[in-house]
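Peer 1: Sequence and predicted structure, then a few things I'm wondering about:
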Amino acid sequence: MRANVAPVTPAAMPNPLHEASEPEFARERHQAWRKFRRHYLAMVGAVALIIIAISAIFAPLFTHFDPNAIDANWSGTPLAPGQFDHWLGTDNLGRDLWARMLFGGRISLTVAIFAVLIEVILGTIVGAIAGYYGGWIDWLMMRLTDTFLSIPLLPLLLVLTGIVAASSTKAALNFTSIVLIIGLLSWMPVARLVRGAFLSLREKEFCEAARAIGGNDNRIIMRHLLPNAVAPIVVQATLDVANVIILESALSFLGFGIQPPTASWGNMLSDAQENVSIAWWAAVYPGLCIFATVLAINYMGDGLRDALDPNVR
Amino acid sequence: MLIYTIRRLIQAIPLMVFISVILFTILHNMPGGPLAPYMQNPHITQADIERLKHNFGLDRPVWVQYLSWLGAYVRGDWGWSTMNSTPVTEAIRERLPATLELMGVSLVVSLIIGLAFGILAAVRPYSMWDYFVTTFAFFGMSMPTFWFAILLQIAFAVSGVHFRIPFSDYRIDFNLPSAGRFDTDGGGLIDGIRHLILPVTVLSLIQIATWSRFTRASMQEVLHTDYMRTAAAKGLGYWKIIFKHGLKNALMPVVTVLALALPGVVGGALITETIFAWPGLGRLFYTALTQQDFSLLMGYLVLISVLVVLFNLIADLAYGWLDPRVKYD
């Protein structure tokens, strides 16, 4: 059906659909923001997240300690509790815990954001192609999705990071490889989501109309279908940031994630676990950071879902 | 229905083969491959490695190796675990009871609590109780298991709970073991239960969160249906309606999700088992990973993936069986 329509160059004529929908979008966005603001806990989550993000981005402003250096002027013992200067105490090597927590937050947050970026791009491409073209392409893409969904995620991540670590030195397991491994293995839910949205959107009148005025597949996918599928993708991506933070900390905790001396909340926790009987507080702080961040993101995601989901409206 | 089942089963076979191809490819790219444990042994020379390669058939093309692995796996020969010096099947069978015990108990505990939470929250929406359940679910979902496990160890194993009952000489000292399945000197039922409490608490927290949210949503949907109103109009008692008409229908999606949770019961909990030194499959996998035990890793991963595929199928079929409105074609 698509092939029968005579091609008209889109640039030659204004797109009536797009023009007409402009104020509609603005109104909806306004309404979504109002709904989100009313979701009290989502707002609290968003504010908490902004505070956490600011303290991670501007970490050097909040501490004068080097997170990876042992304080030479420090006369106390390692694993000391919080005191005047090191106000959360020091870890087993005598490094400042507060500084490590700030810089660890940097790592945990950036890993999560970049991994989710990869995951969303990959998932959207797979889902869009499957949902738009249908037929055997859809079948193939969905079997691929099923395959990766069937393999237990954490063990597979551990195997892959283990391979990277064993193929050269453990230091090869750096930021980039962790981001890539997590991102390349968690696109499946996004793909399913986008495919579902595309399957129903491609039957709608506006899609038919876009085809009738001669839009090619690429343009229809990018300009007409994708903007309409953005809301669920945004919600999924937000919640996935929380999941990836937990995944990355779990990997680092098990020794297959971010490698020392670089601090991440996960490997701080595994350092602290070894000395939990003499310095339990060192295990409380980094975990609290993970928990608070993930909780804030989950509440924010919930608020976004309420605000953006047309079914709830 | 029968034809549908058979067709789905046939469709599942290429999926399982594809999964095993991907896992085989990934694990074969492990440095050293299946011979990795031997590589680290300083007494093994290059000539020995070549000989082992030939003996294990590792000098053949990869696809031949894959096919011979597949043939052996299907026949129940899952290879030799270098770490345990036993066949892989033996190693897995040895660890399976501990995992089934831990995961089974936590599944039952979390199902009971989660269902109760979910039902009560759905029946009284936007009450204090509902807010409590929702908050609990959010906290449970956001809790990193490894941190929660360490916190419990700090509270109950490292320091223990000690307090004196006011105005008396009685003291309560309460400690729980933080590692293993039994004490080293044997230990009976009580000892086993004491060892179960902390890991089960950790595993249940997240599951209660999921079950209660899921039950609440499902129950809420059912409460607004016409047949519920009809039952109320007939003058049936409130709880009778909730349980006989409501719960029966609300549980249908829960049962299918339960089927999806069952492969995890076999697979065990990697993090929790590692922290609590629980002798189950999750920890077996983790040690196999650090020891680069190729056959064991492969056997475990394929086993769990195949179970996931099968239980997905069972979930689909169960849904149709429980809900006659669902039609298969």
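Peer 2: Alright, I've got the coordinates. Numbering: from 1, shown residues only, chains lettered A, B, ... in the order given.

Peer 1: Pick out the residue of the stretch 51-200 of chain B closest to chain A.
Peer 2: residue B:147 (3.1 Å; CB to the nearest CB). The C-beta positions use only the backbone N, C-alpha and C, and glycine is treated the same way.

Peer 1: Show me what the helix or strand where that residue lies is packed up against.
Peer 2: Assigned by DSSP states H and E, residue B:147 belongs to helix B:145-152. On a contact count with 3 or more CB pairs under 8 Å, 6 or more residues apart in numbering or on different chains; DSSP states H and E, helix B:145-152 meets helix A:226-253, helix A:265-274, helix A:281-308, helix B:189-223, helix B:270-275.

Peer 1: Now the residue of the stretch 51-200 of chain B closest to chain A. Nearest residue, chain neighbours left out?
Peer 2: In this structure, residue B:147 finds its nearest non-sequential neighbour in residue A:287, 3.1 Å apart by CB to CB, 6 or more residues apart in numbering or on different chains.

Peer 1: From the structure, what's the count of residues near the residue of the stretch 51-200 of chain B closest to chain A?
Peer 2: 27 (other CB atoms under 10 Å in any protein chain shown).

Peer 1: what does residue B:67 give?
Peer 2: For residue B:67, using other CB under 10 Å, the count is 12.

Peer 1: residues touching it, list them.
Peer 2: With contact set as CB atoms under 8 Å, 6 or more residues apart in numbering or on different chains, residue B:67 has no partners.

Peer 1: That one: helix or strand, and which one exactly?
Peer 2: helix B:62-74.

Peer 1: Would you pull up how far the next helix or strand after that helix lies from the middle of the chain?
Peer 2: Sequence-wise, the next helix or strand downstream of helix B:62-74 (DSSP H and E) is strand B:80-81. Counting by CA atoms, centre = their mean, to the nearest Å, strand B:80-81 is centred 24 Å from the centre of its parent chain.

Peer 1: How about stretch B:16-34?
Peer 2: On CA atoms, centre = their mean, the centre of stretch B:16-34 falls 23 Å from that of its chain.

Peer 1: The residue of the stretch 51-200 of chain B closest to chain A and residue B:255, how far apart?
Peer 2: Using CB to CB, to the nearest Å, one gets 32 Å for the distance from residue B:147 to residue B:255.

Peer 1: ditto for residue A:88
Peer 2: Residue A:88 is 47 Å from residue B:255, by CB to CB.

Peer 1: Of the two, give the one with the bigger neighbour count.
Peer 2: residue A:88 (19 against 14).

Peer 1: does that one sit in a helix, a strand or a coil?
Peer 2: Applying DSSP: H, G, I helix; E, B strand; the rest coil to residue A:88 yields a three-state assignment of coil.

Peer 1: Residue B:163 in helix, strand or coil?
Peer 2: strand.

Peer 1: go on, the one 10 residues further on?
Peer 2: Put simply, residue B:173 is strand when judged by three-state DSSP.

Peer 1: What does the pLDDT read for the residue of the stretch 51-200 of chain B closest to chain A?
Peer 2: Note for residue B:147: predicted pLDDT of 93.

Peer 1: Over to residue A:291?
Peer 2: 95.

Peer 1: Pull up the gap between the residue lying farthest from the centre of chain B and residue B:304, please.
Peer 2: Here the centre of chain B is the reference, and by CA atoms, centre = their mean the most remote residue is residue B:167, at 46.7 Å. Residue B:167 sits at a distance of 55 Å from residue B:304 (criterion: CB to CB).

Peer 1: Let me know the helix or strand that residue B:105 is in.
Peer 2: Counting by DSSP H and E, residue B:105 is part of helix B:88-123.

Peer 1: what about the helix or strand that that helix is followed by, distance to the chain center?
Peer 2: The helix or strand immediately downstream of helix B:88-123 is helix B:128-142, counting by DSSP H and E. When distances are taken as CA atoms, centre = their mean, helix B:128-142 is centred 23 Å away from the chain's centroid.

Peer 1: ok, helix B:128-142 near chain A or not?
Peer 2: Yes - applying CB under 8 Å from any CB of the partner chain, one finds helix B:128-142 touching chain A at B:138, B:139, B:141, B:142.

Peer 1: Select, from the residues you listed, the two members most distant in space.
Peer 2: B:139 and B:141 (7.4 Å; CB to CB).

Peer 1: for the helix or strand where residue B:321 lies, packing partners?
Peer 2: Per DSSP H and E, residue B:321 falls inside helix B:294-322. Judged by 3+ CB pairs under 8 Å, 6+ apart, the packing partners of helix B:294-322 are helix A:135-150, helix A:153-167, helix B:2-28, helix B:62-74, strand B:80-81, helix B:88-123, helix B:248-267, helix B:281-290.

Peer 1: now with 6 Å?
Peer 2: Counting contacts by 3 or more CB pairs under 6 Å, 6 or more residues apart in numbering or on different chains; DSSP states H and E, helix B:294-322 is packed against helix A:135-150, helix B:2-28, strand B:80-81, helix B:88-123, helix B:248-267, helix B:281-290.

Peer 1: now the angle from the helix holding residue B:67 to helix B:2-28?
Peer 2: 130 degrees (axes from the mean of the first three to the mean of the last three CA atoms, to 10 degrees).

Peer 1: gap between the helix holding residue B:147 and the chain center?
Peer 2: 18 Å.

Peer 1: And stretch A:118-136, by the same measure?
Peer 2: 18 Å.

Peer 1: That one: which residues count as buried?
Peer 2: Residues A:118-120, A:122-132 are the ones in stretch A:118-136 that count as buried (16 or more other CB atoms under 10 Å in any protein chain shown).

Peer 1: Over to stretch A:220-232?
Peer 2: Buried residues in stretch A:220-232 (16+ other CB under 10 Å): A:220, A:221, A:224, A:225, A:226, A:228, A:229, A:231, A:232.

Peer 1: Adding pLDDT and distance to chain B as columns, could you present these in TSV?
Peer 2: Below are the buried residues of stretch A:220-232 laid out as TSV (pLDDT from 0 to 100; distance: CB to the nearest CB, whole Å):
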residue	pLDDT	distance to chain B
A:220	85	30
A:221	85	27
A:224	83	31
A:225	87	28
A:226	87	29
A:228	85	25
A:229	87	23
A:231	87	20
A:232	88	17
